[in-house]
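[1] Here is the input, now give the coordinates:
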Amino acid sequence: MSADASDLTRIHKAAGERVAESARGKVPVLSGSLRGSIGIQATRTKAAVTAGKALPPYAGVIHFGWPRHNIESQPFLYDAIDDKRFEVVGLYETRIEDLVKKLDRETP
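    A predicted model of the protein is given here:
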C-alpha cells in the first residue's frame, strides 16, 4: 500500500481544484486578473491553492487587508477552504478506503 499511498498527486489535484473553483467565485473582481491568477500546485505529498504572485501583486493585500490604507481583508482563499472542507475530506476518505480495499484484495 505504501507505493500507492506515497503518490497522491491526483487526489491532491482534485481537492485543490475544488477549493480553487470556490475561491474564484469568492474573490472580488474589478479586472478579473486576481481571479485568473488562482491556480493549483499538486505534488505527490501536498496541494496548494495560490493566488497572485508577480501579476497581480496585490493578492495578499486583498486577502489579508491593509488597515493603514483602509483596505479590509477579503479572505477568499480561507473562505473557499472552509466551504469545501467536507467535500475535500470526503475525497481523501474515499481514496484511503480504495487503498485499503486494494490491500485487502492483494493480501493472501
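[2] The spatially most central residue of the chain sits in which helix or strand?
    The chain has Gly16 as the residue nearest its centroid, 3.2 Å off, counting by Cα atoms, centre = their mean. Assigned by DSSP states H and E, Gly16 falls within helix 9-26.
[3] and that helix, what does it pack onto?
    strand 39-42, strand 47-50, helix 76-106 (3 or more Cβ pairs under 8 Å, 6 or more residues apart in numbering; DSSP states H and E). The way it works is simple: take the backbone N, C-alpha and C, and place the C-beta from them, glycine included.
[4] Packed most tightly, which of those would that be?
    strand 47-50 (a mean of 18; mean count of other Cβ atoms under 10 Å).
[5] Show me what that one is in contact with.
    12-13, 15-16, 19-20, 23, 37-42, 77, 80-81 (Cβ atoms under 8 Å, 6 or more residues apart in numbering).
[6] just to revisit the earlier point, between the helices and strands packed on helix 9-26, which one is nearest to Leu30?
    Closest of the helices and strands packed on helix 9-26 to Leu30 is helix 76-106, at 13.6 Å (criterion: Cβ to Cβ).
[7] So which elements touch the closest one?
    So helix 76-106, by 3+ Cβ pairs under 8 Å, 6+ apart, packs with helix 2-6, helix 9-26, strand 47-50, helix 59-64.
[8] Kindly recompute the last result at 6 Å.
    On a contact count with 3 or more Cβ pairs under 6 Å, 6 or more residues apart in numbering; DSSP states H and E, helix 76-106 meets helix 9-26.
[9] residues in contact with the helix it packs on?
    35, 38, 40, 42, 44, 47, 49, 76-77, 79-81, 83-84, 87-88, 91, 95 (Cβ atoms under 6 Å, 6 or more residues apart in numbering).
[10] what's the model's confidence in stretch 40-48, averaged?
    The predicted model gives stretch 40-48 an average pLDDT of 92.
[11] now the end-to-end length of that stretch.
    6 Å (Cα to Cα, to the nearest Å).
[12] Now Gln41. Nearest residue, chain neighbours left out?
    Nearest residue to Gln41, sequence neighbours excluded (Cβ to Cβ, 6 or more residues apart in numbering): Ala48, at 4.6 Å.
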